[in-house]
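Colleague: My questions concern the predicted model and sequence given below.
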Amino acid sequence: MTVVLSRLNNRKTGKVIVIAHRIHEDDLSGHLLRHGKWNHVVLPMVATTDATYDTEYGRWRRRKGELLRPDAFDPADLDDIKVNTHNPDFEMLYQQDADGRALPPITEDCFPTLRDTAGPRSRMCHERRCGNDPWAKE
């Protein structure tokens, strides 16, 4: 964030907005929240409580159970999303509930190395060639 803050014309009056899905307690949002001075606004797909947001355009009220985008999702869509969303699950991905249920950290083990153990004549995928195939078995 130091680089971003250095780009402000005035650090006292400048604004920075971070828009992100919470996926881990140590993600960027979690890091910023631990260091304070940030307003945390959570907009879950389905409101978990009644909430009022004051904006420069007026007050926006959401009631518990209200969809964030009723123009784009209906209850049937919501049921389908809940059934078919895994790792991260619906609560984390759509409800922004990352606290205490975070995904494991990404480590080197998440990226295995492939070795060419069969030699230069091996093929990773099947292909069909017309005419002379130098690798064809006779």
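Modeller: Everything's here; your move.
Colleague: Now the residue nearest to Tyr53 when sequence neighbours are not counted: which helix or strand?
Modeller: Using CB to CB, 6 or more residues apart in numbering and skipping residues adjacent in sequence, the residue nearest Tyr53 is Trp60, 4.5 Å away. For every residue, glycine as well, the C-beta is placed using N, CA and C. Using DSSP states H and E, Trp60 sits in strand 58-62.
Colleague: Return whichever helix or strand comes after that strand as CSV; C-alpha atoms alone will do.
Modeller: Per DSSP H and E, the first helix or strand lying C-terminal to strand 58-62 is helix 75-84. Only the C-alpha atoms of helix 75-84 are listed here, as CSV (Å, rounded to 0.1, in the frame of the first residue of the first chain):
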residue,chain,number,x,y,z
PRO,A,75,-34.1,-17.3,-5.7
ALA,A,76,-33.7,-20.2,-8.2
ASP,A,77,-30.3,-18.9,-9.3
LEU,A,78,-29.3,-18.5,-5.7
ASP,A,79,-30.2,-22.2,-4.9
ASP,A,80,-28.2,-23.3,-7.9
ILE,A,81,-25.2,-21.2,-6.9
LYS,A,82,-25.3,-22.6,-3.3
VAL,A,83,-25.4,-26.2,-4.5
ASN,A,84,-22.7,-25.8,-7.1
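Colleague: What is the burial count for Gly30?
Modeller: 17 (other CB atoms under 10 Å).
Colleague: next one: Trp38
Modeller: Trp38, neighbours per other CB under 10 Å, totals 14.
Colleague: What separation is there between the residue nearest to Tyr53 and His35?
Modeller: 28 Å (CB to CB, to the nearest Å).
Colleague: residues contacting the residue nearest in space to the middle of the chain?
Modeller: Nearest to the mean C-alpha position of the chain, counting by CA atoms, centre = their mean, stands His21 at 4.6 Å. Counting by CB atoms under 8 Å, 6 or more residues apart in numbering, His21 touches 93, 96.
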